[in-house]
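Q: need a structure here:
(one chain, ligands or ions: 1)
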Amino acid sequence: MRVPLIVGNWKMYKIMNEAVELVNEIKRELLDFRKAEIVVCPPVTNLSSVYELLMETNIGLGAQNLYWEKEGAFTGEVSALMIKDCGCEYVIIGHSERRKYFSESDENVNKKIKASLEVGLVPIMCVGETLEEREATKTIEVIKQQLVGGLKGFSLQDLGNLVIAYEPVWAIGTGKTATPTQAQEIHKVIREWILENFSSELSSNMRILYGGSVTPENIRELMRQEDIDGALVGGASLKSASFVGIVKNSVDE
Ligand code: PGA
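A: Below is the predicted model of the structure:
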């Protein structure tokens, strides 16, 4: 049984007092909610203060990025251990905004996943096609290429905790969600790829999240799809009402 996982990606939003306010509101509504696993990923500047509020609760903490080197003269970067030290259990890797604005390659994604696994962080690896790629019917090819590059060199044991997020780039922050059928089609491709390249056990246990304009209204239908196990939520995770709504609607009452 795959436990549903709802992850809030706050991106570059929320200064300290706003982060504290949001997390307190989420806590008020979702403390002791056990039907889904809940994770929030604030900007790195707020990780420690949010951790203080979430410590020993059912709500987990994640970061949005890391750098793969252990330490050194890498001005402005943050290592996997530093993220872990702030109380994170999860880290988002290879988000399309990082691929697009910071030129992250599949090889970079691969190194970042390796660095996170080495310190015991759970990587949430993002894959997804652009609108041009979808229109050129290259979606499956692109997703497989990202999987091959991102997961190169890992063993079956390494990936026991890996989470994959399918986020079509054209659906991120646009209000255009993939239809449940479109999303399910790609989730199935991903699960089958894991089966062919690793094992059937890993494939059936792996949580594959959907991301891209998820709302409290569309989450139900997405979650009804066989291979959708949760959501990576951007815009709607910035307000407690919508994030809480998504978490609650992701499972049957
Ligand atoms: P969105 O973002 O929910 O605002 O579309 C999703 C994401 O970027 O993870």
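
Q: in this structure residue 90 contacts residue 125, no?
A: No. Applying CB atoms under 8 Å, one finds residue 90 not in contact with residue 125, separated by 11.1 Å. Just so you know, the C-beta spots here come from the backbone N, C-alpha and C atoms, and that holds for glycine as well.

Q: who touches both of the two?
A: residue 163 (CB atoms under 8 Å, 6 or more residues apart in numbering).

Q: and the strand or helix carrying residue 6, what does it pack onto?
A: Residue 6 belongs to strand 5-9 when assigned by DSSP states H and E. If you count contacts as 3 or more CB pairs under 8 Å, 6 or more residues apart in numbering; DSSP states H and E, strand 5-9 packs onto strand 37-41, strand 90-93, strand 207-211, strand 230-233, helix 240-249.

Q: repeat that for 6 Å
A: strand 37-41, strand 230-233, helix 240-249 (3 or more CB pairs under 6 Å, 6 or more residues apart in numbering; DSSP states H and E).

Q: how far does the helix or strand just after it sit from the chain's center?
A: Next along the chain after strand 5-9, taking DSSP H and E as the criterion, comes helix 16-30. Relative to its chain's centre, helix 16-30 lies at 20 Å (CA atoms, centre = their mean, to the nearest Å).

Q: and helix 16-30, what's buried?
A: 19-20, 22-23, 26-27, 30 (16 or more other CB atoms under 10 Å).

Q: for the ligand, what are the nearby residues on the stretch 1-150 of the chain?
A: residue 9 (CB under 6 Å from any ligand atom).

Q: just the helices in the stretch 1-150 of the chain please.
A: 16-30, 47-54, 80-85, 96-101, 106-118, 131-135, 139-150 (DSSP state H, counting those that start in this stretch).

Q: now those in TSV, with mean pLDDT?
A: Below are the helices of the stretch 1-150 of the chain laid out as TSV (pLDDT from 0 to 100):
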stretch	mean pLDDT
helix 16-30	98
helix 47-54	98
helix 80-85	98
helix 96-101	97
helix 106-118	98
helix 131-135	95
helix 139-150	98
